[in-house]
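Colleague: Here is a sequence with its predicted model. Questions after.
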Amino acid sequence: MANEKVDVVIIGAGCSGSVFAYVLAKAGKKVVLIESGPDWQLTDLVSSEMWGRRIRPAGAPILLEGKNPMGYAGQAGWGVGGAALHYFANHPRYLVNDYKIKSEHNRALDWPISYQDVAPFYDRVAWDVGMSGDAKAEEIWRPAGKAYPMPPMKSFPNGEVWLKGFKELGIRTAPAPVAMNSTEFKGRPACIYDGWCHVGCPTGALANPVVTYLGEARKANAEVRAMSTVTRILTNQAGTRATGVEYYDEKKQRQVQEANVVIVAAWSGQNPRLLLNSATDKHPKGLGNSSGLLGKYMTSHTVAGIAALFDEDLQNHLGTIGAQFMSYDRYDKTAYKDQFGSTYITVGFAQKTHDFAASRPELYGAPLADFMKRAARGFTRITLFGEELPNIENRVELSSEKDAYGMPLGRLVHSYDDTAAALWRANGVEGLRIAKAAGAKEAWTGNVIPTSHLHGGTIMGTGAGNSVVNSYGQCHELPNLYVAGPSTFPTEGASNPTYTILAVALRGAEQLAASWGTVAG
């Protein structure tokens, strides 16, 4: 069934899609967002680990392969708000040294833009969504920018107990910048610090798309079609323009939505899958794939999680899942001798009983019961995120298996190379040193490298020969087709990506709005 043609159709109602919807709907464009999951509202969210699984995907459409398969359920989202409905709201920015690694170190890839191109949008996003932190304190690591609209969040013993260790080792810290309300902001209440951020914040104190950009887009008449799954991006006969999308609605009926502009803003694993499945005789390798790089250069952060037991009662159930403190002091690409890549350190997170148990999977019976009693009083964690450099073998490709709509599943192949593994090991050693200096009675880390934050697959670059899109997310080969989100990032830095996702999306959306007549035709 064909629907009335609109100005813009956006695939995905998560972070980046919501930004494009906000800018374009405010500019008077008729916008439709198509989302595969439910249309979640704040009133749907419940502070429960079991309930929180409902807002995460499970199973298809991505098959996970490689030596270090990419985590899926915790990294993607199911429904309106996407992964940002259950994210931790850590909002650090990438630093100057993240954008030109190839030029400066002859490794990895360069972005086609610099930190200075993105910096003004960081400042604007902070005030659009509401951020708490101390921007001045961050200037020991980054250029000056606008102050955050709210002061830092409260800190708690489970974060404060680590500061002695950082100070003793000469590692500087600052309040963590988070997209949470330390005070009331734009009619949304201040945080109550109950530590259930990761299953969806029902009060609106955490800045997820439902209460920020998407909420504003809906006020400007953007339409959301939930429980609808896009299977193809459609193009004209000449293969020069996108014409709309094919999707299946909540009744599993095939629909076509024509549009002047198409924006692909799904998960990083899903964006290349859609573009690959939209191949035509004019684009036999998939849309935007003349370079052969569509689906390539998938990257993930390594995670060195340091768990520790202290004698003090740390009230570890209190706070936020977002960090209380952070440090960029190991962010230089050569911060460790004989290792390469940035490290971003986060400190102090609210913990629940499953966090204690998950940290010691080898314990059963009486030893587990004894550990849980001690952990309820003195358990806490820090995390050291490590940068993985882009590797063309880490990729998304189409599988011979198909989903319920006949669309090939994506196969996401991911393996860490020796450089990433070495940085992860160095971060584990560093984290244990911090724990010892802080006075921990016990400290330990895992022996398997976790994955976190998927980037790449539709990378930006200077032209169709080395990338899929330009710095605005505009496809080199089809000018009215845009891609949004971390799938466009050529490199990943080491810090949480959401703040950069929002800033880059805002930059791209405003470019599209400003050049609408040329792009939309």
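Modeller: Looks like it arrived, so ask away.

Colleague: hey, let's count contacts and neighbours off CA atoms from now on
Modeller: Fine.

Colleague: in the stretch 251-400 of the chain, which spans are strands?
Modeller: Taking DSSP state E, counting those that start in this stretch, the strands of the stretch 251-400 of the chain run over residues 254-264, 299-309, 325-327, 343-347, 379-386, 395-402.

Colleague: Quick check: which of those is nearest to residue 318?
Modeller: strand 379-386 (11.2 Å; CA to CA).

Colleague: the inter-axis angle of the closest one versus strand 299-309?
Modeller: Compare the direction of strand 379-386 with that of strand 299-309 by axes from the mean of the first three to the mean of the last three CA atoms, to 10 degrees and you get 160 degrees.

Colleague: got a list of contacts for the helix or strand harbouring residue 224?
Modeller: Residue 224 is located in strand 223-225, with elements delineated by DSSP states H and E. Strand 223-225 is contacted from outside by 13, 31, 32, 33, 34, 35, 39, using CA atoms under 8 Å, 6 or more residues apart in numbering.

Colleague: okay, now the spatially closest residue to residue 40 that is not a sequence neighbour: neighbour count?
Modeller: Using CA to CA, 6 or more residues apart in numbering and skipping residues adjacent in sequence, the residue nearest residue 40 is residue 80, 5.6 Å away. Using other CA atoms under 10 Å, residue 80 is surrounded by 31 other residues.

Colleague: who's in contact with residue 80?
Modeller: 12, 13, 14, 35, 37, 38, 39, 40, 210, 226.

Colleague: in which helix or strand would I find it?
Modeller: Short version, using DSSP H and E: residue 80 is in no helix or strand.

Colleague: Can you tell me how far it is from residue 506?
Modeller: 19 Å (CA to CA, to the nearest Å).

Colleague: likewise residue 488?
Modeller: Residue 488 sits 14 Å away from residue 506, going by CA to CA.

Colleague: Show the contacting residues for the residue located most distally from the centre of the chain.
Modeller: Computed with CA atoms, centre = their mean, the residue of the chain farthest from its C-alpha average is residue 366, at 39.0 Å. If a contact means CA under 8 Å, 6+ apart, then residue 366 has no contacts.

Colleague: With residue 445 instead?
Modeller: Per CA under 8 Å, 6+ apart, neighbours of residue 445: 304, 305, 306, 307, 428, 432.

Colleague: hmm, back to that, what's the distance between the residue nearest to residue 40 and residue 487?
Modeller: Applying CA to CA, the value for residue 80 to residue 487 is 19 Å.

Colleague: Please point out which parts of the helix or strand hosting residue 123 sit buried.
Modeller: Using DSSP H and E, residue 123 sits in helix 115-129. Residues 115, 118, 119, 121, 122, 123, 124, 125, 126, 127, 129 are the ones in helix 115-129 that count as buried (16 or more other CA atoms under 10 Å).

Colleague: Can you tell me which of the contacts of strand 223-225 is nearest residue 409?
Modeller: Distances from residue 409 to the contacts of strand 223-225, taken as CA to CA, are shortest for residue 35 (17.6 Å).

Colleague: you'd agree the closest one is up against residue 18?
Modeller: No - judged on CA atoms under 8 Å, residue 35 makes no contact with residue 18 at a distance of 11.2 Å.

Colleague: what residues does stretch 270-288 touch?
Modeller: Applying CA under 8 Å, 6+ apart, the contact partners of stretch 270-288 are 62, 231-234, 238-239, 264-265, 289-290, 292, 294-295, 396-398, 407-410, 457-458, 464, 468-469, 475-478, 483, 487.

Colleague: Filter those residues down to the buried ones, PyMOL style.
Modeller: Selection of the buried residues among these in PyMOL, burial being defined by 16+ other CA under 10 Å:
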select buried, resi 62+231+232+233+234+239+264+265+289+290+294+295+396+397+398+407+408+409+410+457+458+464+468+469+475+476+477+478+483+487
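
Colleague: Mind jotting down where the helices sit in the stretch 401-521 of the chain?
Modeller: If DSSP state H, counting those that start in this stretch is used as the criterion, the helices of the stretch 401-521 of the chain fall at 418-438, 498-514, 516-520.

Colleague: Can you report how many residues neighbour residue 489?
Modeller: The burial count for residue 489: 31, using other CA under 10 Å.

Colleague: and it, what does it touch?
Modeller: Taking CA under 8 Å, 6+ apart, we find residue 489 in contact with 111, 455, 456, 458, 459, 460.

Colleague: re the thing from before, between residue 35 and residue 18, which is the more surrounded one?
Modeller: The neighbour comparison of residue 35 against residue 18 (other CA under 10 Å) goes to residue 18, with 31 against 28.

Colleague: Which residue, other than its chain neighbours, is closest to that one?
Modeller: Among residues not flanking residue 18 along the chain, residue 214 sits closest, at 4.7 Å (CA to CA, 6+ apart).

Colleague: same question, residue 198
Modeller: residue 86 (4.5 Å).

Colleague: residues in contact with the one you found?
Modeller: 52, 55, 77, 197, 198, 199, 200, 201.

Colleague: Residue 506 now?
Modeller: 19, 20, 23, 121, 125.

Colleague: quick revisit: so which of the contacts of strand 223-225 wins on neighbours?
Modeller: For these, neighbours tallied by other CA under 10 Å; top is residue 13, 34 neighbours.

Colleague: Pull the contacting residues for that one.
Modeller: By CA under 8 Å, 6+ apart, residue 13 lies in contact with 33, 34, 35, 79, 80, 81, 82, 214, 224, 265, 266.

Colleague: Please apply the same query to residue 466.
Modeller: Counting by CA under 8 Å, 6+ apart, residue 466 makes contact with 291, 293.

Colleague: got a pLDDT number for it?
Modeller: As predicted, residue 466 sits at a pLDDT of 98.

Colleague: Could you report the separation of it from residue 500?
Modeller: To residue 500, residue 466 is 22 Å away according to CA to CA.

Colleague: Same check on residue 92?
Modeller: Between residue 92 and residue 500 the computed distance is 8 Å (CA to CA).

Colleague: count of neighbours near residue 402?
Modeller: Residues lying near residue 402 (other CA under 10 Å) number 14.

Colleague: Any idea what it is bridged to?
Modeller: Under DSSP bridges, the beta-bridge partners of residue 402 are residue 408.

Colleague: quick one: it from residue 413, how far?
Modeller: Residue 402 is 17 Å from residue 413, by CA to CA.

Colleague: My understanding was that residue 513 contacts residue 23; is that so?
Modeller: Yes - using CA under 8 Å, residue 513 is in contact with residue 23, at 7.3 Å.

Colleague: Between these two, which is the more surrounded one?
Modeller: residue 23 (22 against 19).

Colleague: what element comes up after the helix or strand hosting the more buried one heading to the C-terminus?
Modeller: Assigned by DSSP H and E, residue 23 belongs to helix 15-26. Per DSSP H and E, the first helix or strand lying C-terminal to helix 15-26 is strand 31-34.

Colleague: Strand partners (parallel or antiparallel) of that following strand?
Modeller: Strand pairing (DSSP bridges) places strand 31-34 next to strand 6-11 (parallel), strand 223-225 (parallel).

Colleague: what's the closest of the ones you listed to residue 190?
Modeller: Residue 190 lies closest to strand 223-225 among the strands paired with strand 31-34, at 27.8 Å (CA to CA).

Colleague: how about the helices in the stretch 51-200 of the chain?
Modeller: 101-105, 115-129, 157-160, 163-168.

Colleague: Thanks a lot, see you next time.
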